[in-house]
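Enquirer: structure, please.
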Amino acid sequence: MTRIQEGGLTCPKCDTRLSVTGVKEVVIDHCKSCSGLWFDKGELEAIVKKGGDDEVRSLSVAEAGEVDDEGRTWKSVWFDENEGGCPRCRTPMMRVESAGKKDLFVDACPRCEGIWYDGGEVDLLLRDGDPPGLVSRIKQLIRGKK
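Expert: I've put the predicted structure just below:
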């Protein structure tokens, strides 16, 4: 079951206060305005291991708008161009392209290793089974920056 309450972080894309959401006993941060999701280091992997794929996918598209043939929403395309700082530590984030979906980028913090997914992106990546590969690429890039 998912529980939602107001959190203390701000969306790096639309500056809305993020809500704290529990999925399979893992607390993540969710933007109710653009459906973006912030995962601290290891949270997405923990949710997937516990079988929370469907819950997190539904959060990813809740307010993101209609999904096109590529699995993108108008909000995720529009907000993807907005660069923001890490919601946790305000460090400028790196844009990382998905290996499985060209032209699909997520934002990763090189300092705290959290990952920001714009609305609809988690749904698309989980549906296609890409997060483990993407998370590995992000970790390699972050290690190279440190």
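Enquirer: give me the low-pLDDT residue ranges for this protein?
Expert: When residues are selected by pLDDT under 70, those of the chain lie in 1-7, 62-82, 99-103, 128-146.
Enquirer: show me where it has strands.
Expert: 3-10, 17-23, 26-30, 37-39, 94-97, 105-108, 115-117 (DSSP state E).
Enquirer: dump those strands to a markdown table, plus distance to Lys50.
Expert: Placement of C-beta: from N, CA and C, glycine included. Shown next, in a markdown table, are the strands of the chain (distance: least, Cβ to Cβ, whole Å):
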| stretch | distance to Lys50 |
| --- | --- |
| strand 3-10 | 15 |
| strand 17-23 | 8 |
| strand 26-30 | 7 |
| strand 37-39 | 14 |
| strand 94-97 | 24 |
| strand 105-108 | 21 |
| strand 115-117 | 18 |
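Enquirer: now those strands as JSON lines including distance to Glu55 and mean neighbour count?
Expert: Output for these, formatted as JSON lines (distance: least, Cβ to Cβ, whole Å; neighbours: other Cβ atoms under 10 Å):
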{"stretch": "strand 3-10", "distance to Glu55": "11", "mean neighbour count": "13"}
{"stretch": "strand 17-23", "distance to Glu55": "5", "mean neighbour count": "18"}
{"stretch": "strand 26-30", "distance to Glu55": "10", "mean neighbour count": "21"}
{"stretch": "strand 37-39", "distance to Glu55": "11", "mean neighbour count": "24"}
{"stretch": "strand 94-97", "distance to Glu55": "24", "mean neighbour count": "15"}
{"stretch": "strand 105-108", "distance to Glu55": "19", "mean neighbour count": "24"}
{"stretch": "strand 115-117", "distance to Glu55": "14", "mean neighbour count": "26"}
